[in-house]
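> when you get a sec, could you give me coordinates for this:
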Amino acid sequence: MKKFIILLGTLLLTVTLSAQVYVGGNLGLSFSRDVSTPTMSIESRNYFSVAPEVGYSFNKYFTLGTNVQYQWNKGNTHSFSVSPFARCTFAQWEHFGLFIDALFEYRTYSVSQTGSRHNTWQAGLAPGFKIPITPKCGLTTRIAFLGWKKVGDEVVFFPSVNFINSATVGFYYNL
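Predicted coordinates for the structure are as follows:
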């Protein structure tokens, strides 16, 4: 009888938890060019990224999650990152929602031409929006980042806006 009650409690807990767990991810493209002087050639930095994501929604306003990202660029730089985040949805309408993510990202990357490996991190706030498609799934995107980033051996304040030259679209599905 005790085993049956424990099994029943475990099943009930699993069903309750799975209603708040979501899976999803991002596909990203980024295009940029560097121009130093008119006599120098233009360096292109085009990125492609894949980032599966898993999270837990405590309610419709607060979510904890993490994504793992692989990124490749045209110059044969490969990177791998882990980015846990806390998401606060501060406005939600029927077909649109606004959120802000507090995130920390650790990234390691290697350059194929030189064989060198580098590590970096960033921490800050990333506002974005989500568009529910059905009650169980939808699209998300972060449109900016405001925070600190390790660049070389120093930590710098790093504001950026993503909608000018890059697009990262996320998909989520509530289990």
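
> quick one, strands of the protein?
In the chain, the strands defined using DSSP state E lie at 21-34, 43-57, 62-73, 77-92, 97-111, 117-132, 137-142, 144-151, 154-161, 166-174.

> Serialize the ones you listed to CSV and add fields for mean neighbour count and mean pLDDT.
Bear in mind the C-beta positions are built from the backbone N, C-alpha and C, glycine included. What follows is these, written out as CSV (neighbours: other C-beta atoms under 10 Å; pLDDT from 0 to 100):
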stretch, mean neighbour count, mean pLDDT
strand 21-34, 15, 78
strand 43-57, 16, 82
strand 62-73, 17, 91
strand 77-92, 16, 92
strand 97-111, 17, 91
strand 117-132, 16, 90
strand 137-142, 18, 89
strand 144-151, 16, 86
strand 154-161, 11, 81
strand 166-174, 17, 74
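
> so the spatially most central residue of the chain bridges to which residues?
Closest residue to the average C-alpha location of the chain: Asn67 at 5.7 Å, with C-alpha atoms, centre = their mean. For Asn67, the beta-bridge assignment (DSSP bridges) gives partners Glu53, Ser83.

> surely Trp121 meets Gly147?
No: counting by C-beta atoms under 8 Å, Trp121 stays clear of Gly147, with 10.3 Å between them.

> verify the stated contact: Phe80 with Tyr109.
Yes: counting by C-beta under 8 Å, Phe80 does reach Tyr109; the two are 7.4 Å apart.
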